[in-house]
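1. all I have is the shape, not the residue letters:
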């Protein structure tokens, strides 16, 4: 029994000719009847594959911009500011670091790596509502060396019940990078539950005096 594969009209013609040749060889050597199974594989034209790619790209973009999936558009912190951001977080000496609107989580994962290298038992909580970004967070955590101390919570950062995950006695640091007209609401929600929480805000300052300002491509404010 022979399985022959083809994917195009020209391939079918070649397959038929090849099958006839094989049958002749089998009969010539007295090997008995030859049974063929033809497997036809339809490969979509390149143009169709391109349109399919655009469709999936469009669906992916919807996950980032639709308000029903996330009230805050996805704008990650600038990777070039990694050093001032991580230094600002470390300066608060947190027991728990919470990344509000964690996105793909690069800030949180980088901080978690540094804390592990320093043999610190800091816990990390990534708060994100976008399902696609949450999936990315879970995959990244799976391969992170400090994954046992990383928790991912899918919820709205403006209604996040932080009191369910931390205590008043713990030193909590909140990292946030959202637009200024949403920043106040997010911080009010946190401070209504954990009044002494330290805040590290990337790019946008709060309406109060910062205890520390780190300068990079953009400023990072610590409160």
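-> Nice, I can see it. Just so it is clear, the structure is predicted and the values come from calculations on it, not from any experiment. Residues are numbered from 1 along each chain as shown.
2. please parse this structure into its domains.
-> Domain assignment for the chain, taken from automatic domain parsing, gives 1-43, 79-222.
3. which residues of the chain fall in strands?
-> 2-6, 36-40, 96-100, 123-128, 150-154, 172-176, 198-202, 212-215, 219-222 (DSSP state E).
4. buried ones in the fifth one?
-> It stands for strand 150-154. By 16 or more other Cβ atoms under 10 Å, the buried positions in strand 150-154 come out as 150, 152-153. For glycine as for every other residue, the C-beta is placed from the backbone atoms N, C-alpha and C.
5. circling back: and of the domains of the chain, who's closest to residue 49?
-> domain 1-43 (8.9 Å; Cβ to Cβ).
6. circling back: so which of the buried residues of strand 150-154 comes closest to residue 113?
-> Nearest member of these to residue 113, counting by Cβ to Cβ, is residue 150, at 10.5 Å.
7. which residues does the closest one bridge with?
-> Counting by DSSP bridges, residue 150 is bridged to residue 124.
8. and residue 81, how far from residue 221?
-> Counting by Cβ to Cβ, to the nearest Å, the gap from residue 81 to residue 221 is 12 Å.
9. common neighbours of the two, please.
-> By Cβ atoms under 8 Å, 6 or more residues apart in numbering, residue 81 and residue 221 have these common neighbours: residue 202.
10. where among the domains of the chain is the average confidence lowest?
-> The stretch with the lowest mean pLDDT among those is domain 1-43, at a mean of 58.
11. how about the strands of the chain in CSV, adding distance to residue 109?
-> Listed next are the strands of the chain as CSV, based on distance: least, Cβ to Cβ, whole Å:
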stretch, distance to residue 109
strand 2-6, 44
strand 36-40, 45
strand 96-100, 9
strand 123-128, 8
strand 150-154, 8
strand 172-176, 12
strand 198-202, 16
strand 212-215, 19
strand 219-222, 17
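12. beta partners of the nearest residue in space to residue 94 that is not next to it in sequence?
-> Of all residues not flanking residue 94 in the chain, residue 173 sits nearest, at 3.6 Å (Cβ to Cβ, 6 or more residues apart in numbering). For residue 173, the beta-bridge partners are residue 97, residue 198 (DSSP bridges).
13. check contacts around residue 173.
-> 89, 92, 94, 96-98, 197-200.
14. 7 Å - rerun?
-> Applying Cβ atoms under 7 Å, 6 or more residues apart in numbering to residue 173 gives the contacts 89, 92, 94, 97, 198, 200.
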